[in-house]
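1. Quick one, fold the following:
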Amino acid sequence: MTASAHNPDADADADTTFATTTGAAASGIATAGTLPTEPIDAVVIGGGAAGLNGALMLARSRRSVVVVDGGSPRNAPADGVHGLLGLDGTPPAELLERGRAEVRRYGGTVRPGEVVAAAPTEPSAGGDLRFTVTLADGATLHARRLLVATGLRDVLPDVPGLAEHWGHSVVHCPYCHGWEVRDQPIGVLAIGPASVHQALLFRQLTDDLVYFSRGTELDEDTRARFAARGIRIVDAAVDRVVSADGGGIAGVRLADGTLVARRVLAVATRLRARAEGLEGLGLPMQDLPNGMGRHFVTGMAGTTDVPGVWVAGNATDPMAQVGASAAAGALAGAHLNADLVGADTEAALAAVGHPVAG
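-> Coordinates of the predicted model:
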């Protein structure tokens with residue numbers, strides 16, 4: 001498996017990534033029954049924190065809503081979600097199952113599956129927006145509005161032995177994992193400028209930190225700062241990550257054969273919004289600074305340049321942890337409901353023969 005194909009998470013970002021229906025079933029998502037053939041109010045693509053909280057807001061507003069959940073969250077390898085007030089340490093699978101149950105409690109549907117196509121279609125006779133969402137098993141959903149909460153894909157550096165420890169001995173976020181790895185010998189595998197900031201953050205958690213520059217440039221000011229904080233710099237080329245006999249990692253093997261003993265490695269991943277199957281929507285995307293990835297462009301409350309489509313969570317905000325993703329989903333769901341209220345009111349006015357504004 002190449003690093004770019006590997007897709008578990010470090011633990012805080014819980015937006016669900018696209019997966020097969022088989023993966024969804026394995027995660028505990030109930031198998032769906034017959035899907036509605038008439039247009040529903042909203043389809044939510046992605047069943048992580050952002051998608052489920054958006055769906056919850058919609059369902060509580062008495063909207064018909066279907067969540068398409070791939071059942072493969074970024075944070076699946078993590079033991080617990082951290083930094084989430086009142087729920088710190090909750091296993092990711094447990095948190096998501098609670099969320100699914102809450103959505104269902106208010107009449108929403110959580111449907112396992114993979115979205116292979118989504119696109120606008122002909123508006124209703126009254127001019128209301130319409131979208132078609134096609135799933136890998138051939139099922140089709142028709143919706144008035146869409147909330148995209150597909151999350152993102154972490155792309156790891158291509159270092160042999162690294163991917164197999166992702167989410168355990170290999171981490172990326174000091175706020176997600178820092179307490180759990182405190183006081184251990186930590187190494188930072190550099191990928192670029194973002195790694196400098198990462199190293200200073202992890203230095204707060206341990207006195208034993210080694211920075212593997214891996215050919216990235218470090219100016220004299222940065223080297224002086226690292227020296228002042230007691231961060232050791234290794235400029236030699238990295239060959240591979242070495243696994244420990246009892247599990248975890250033993251350290252980093254350099255190109256000259258030297259083993260630098262480490263128990264934990266921190267690495268900044270490149271973050272790419274999951275856009276597979278969404279090309280037909282024409283959602284605008286942009287690159288993150290310093291080649292760190294690509295994400296969807298949104299405005300207030302997750303609005304996009306495509307009328308009727310909102311985006312929330314890691315797909316647009318790659319740095320958002322679980323709490324921030326959930327909050328963004330809730331805000332987008334509320335905004336989406338308000339848009340539907342406006343459309344319903346205009347339709348009611350037209351039905352009674354009252355002139356419609358505009």
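
2. Which parts of the stretch 51-200 of the chain are strands?
-> Counting by DSSP state E, counting those that start in this stretch, the stretch 51-200 of the chain has strands at residues 65-69, 72-73, 109-112, 115-120, 131-135, 140-148, 152-155, 170-171, 186-189.

3. which stretch in those has the least confidence?
-> For the strands of the stretch 51-200 of the chain, the bottom mean pLDDT is recorded on strand 72-73, which sits at a mean of 70.

4. And the helices in the stretch 51-200 of the chain, which stretches?
-> Ranges of helices in the stretch 51-200 of the chain, per DSSP state H, counting those that start in this stretch, are 92-105, 174-177, 193-203.

5. Let me have those in a markdown table, extended by distance to Ala237.
-> (Glycine included, C-beta is placed from N, CA and C.) A markdown table is the format used below for these (distance: least, CB to CB, whole Å):
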| stretch | distance to Ala237 |
| --- | --- |
| helix 92-105 | 35 |
| helix 174-177 | 26 |
| helix 193-203 | 16 |
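
6. between those helices, which gets nearest to Pro120?
-> Nearest to Pro120 among the helices of the stretch 51-200 of the chain is helix 92-105 (24.9 Å), distances taken as CB to CB.

7. relative to strand 65-69, how tilted is that closest one?
-> 160 degrees (axes from the mean of the first three to the mean of the last three CA atoms, to 10 degrees).

8. chain center to helix 92-105, what's the gap?
-> How far helix 92-105 lies from its chain's middle: 17 Å, per CA atoms, centre = their mean, to the nearest Å.

9. Quick one: closest of the strands of the stretch 51-200 of the chain to Leu84.
-> Checking the strands of the stretch 51-200 of the chain against Leu84 by CB to CB gives strand 72-73 as the closest, at 14.1 Å.

10. residue ranges with poor pLDDT in the stretch 251-358 of the chain?
-> Along the stretch 251-358 of the chain, segments meeting pLDDT under 70 span 356-358.

11. The longest helix along the chain packs against which elements?
-> Ranked by residue count, the top helix of the chain under DSSP state H comes out as helix 322-351. Counting contacts by 3 or more CB pairs under 8 Å, 6 or more residues apart in numbering; DSSP states H and E, helix 322-351 packs against strand 40-45, helix 49-60, strand 140-148, strand 309-311.

12. Can you name every helix or strand that the longest one contacts?
-> Meaning helix 49-60. By 3+ CB pairs under 8 Å, 6+ apart, helix 49-60 packs against strand 40-45, strand 65-69, helix 92-105, strand 140-148, helix 322-351.

13. ok, now with 7 Å
-> For helix 49-60, the elements it packs on are strand 40-45, strand 65-69, helix 92-105, helix 322-351, judged by 3 or more CB pairs under 7 Å, 6 or more residues apart in numbering; DSSP states H and E.

14. in the longest one, what's buried?
-> Right, the one you point to is helix 322-351. Residues of helix 322-351 classed as buried: 322-337, 339-340, 343, 346 (neighbour count, 16 or more other CB atoms under 10 Å).

15. Give me the distance from that helix to the chain's centre.
-> Distance, centroid of helix 322-351 to centroid of chain: 22 Å (CA atoms, centre = their mean).

16. Also the second one?
-> Chain-centre distance of strand 65-69: 16 Å, with CA atoms, centre = their mean.

17. Would you give the sheet partners of that strand, along with the direction of each?
-> strand 40-45 (parallel), strand 109-112 (parallel) (DSSP bridges).

18. CA-only coordinates of it in CSV, if you can.
-> Once non-C-alpha atoms are left out, strand 65-69 reads as follows in CSV (Å, rounded to 0.1, in the frame of the first residue of the first chain):
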residue,chain,number,x,y,z
VAL,A,65,-33.2,14.1,5.1
VAL,A,66,-31.0,11.1,4.0
VAL,A,67,-27.4,10.8,5.0
VAL,A,68,-25.2,8.7,2.7
ASP,A,69,-22.6,7.3,4.9
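
19. Please name the nearest non-neighbouring residue to Ala236.
-> Leaving out its chain neighbours, the residue that sits closest to Ala236 by CB to CB, 6 or more residues apart in numbering is Leu254, at 4.6 Å.

20. residue contacts, that neighbour?
-> Ala236, Ala237, Val238, Asp239, Val260 (CB atoms under 7 Å, 6 or more residues apart in numbering).

21. hey, where'd the helices end up in the stretch 201-350 of the chain?
-> Secondary structure of the stretch 201-350 of the chain, counting by DSSP H, counting those that start in this stretch: helices at 220-228, 322-351.

22. unless I'm mixing things up, Ala334 is touching Met57, no?
-> Yes - counting by CB atoms under 7 Å, Met57 is a contact partner of Ala334 at 5.2 Å.
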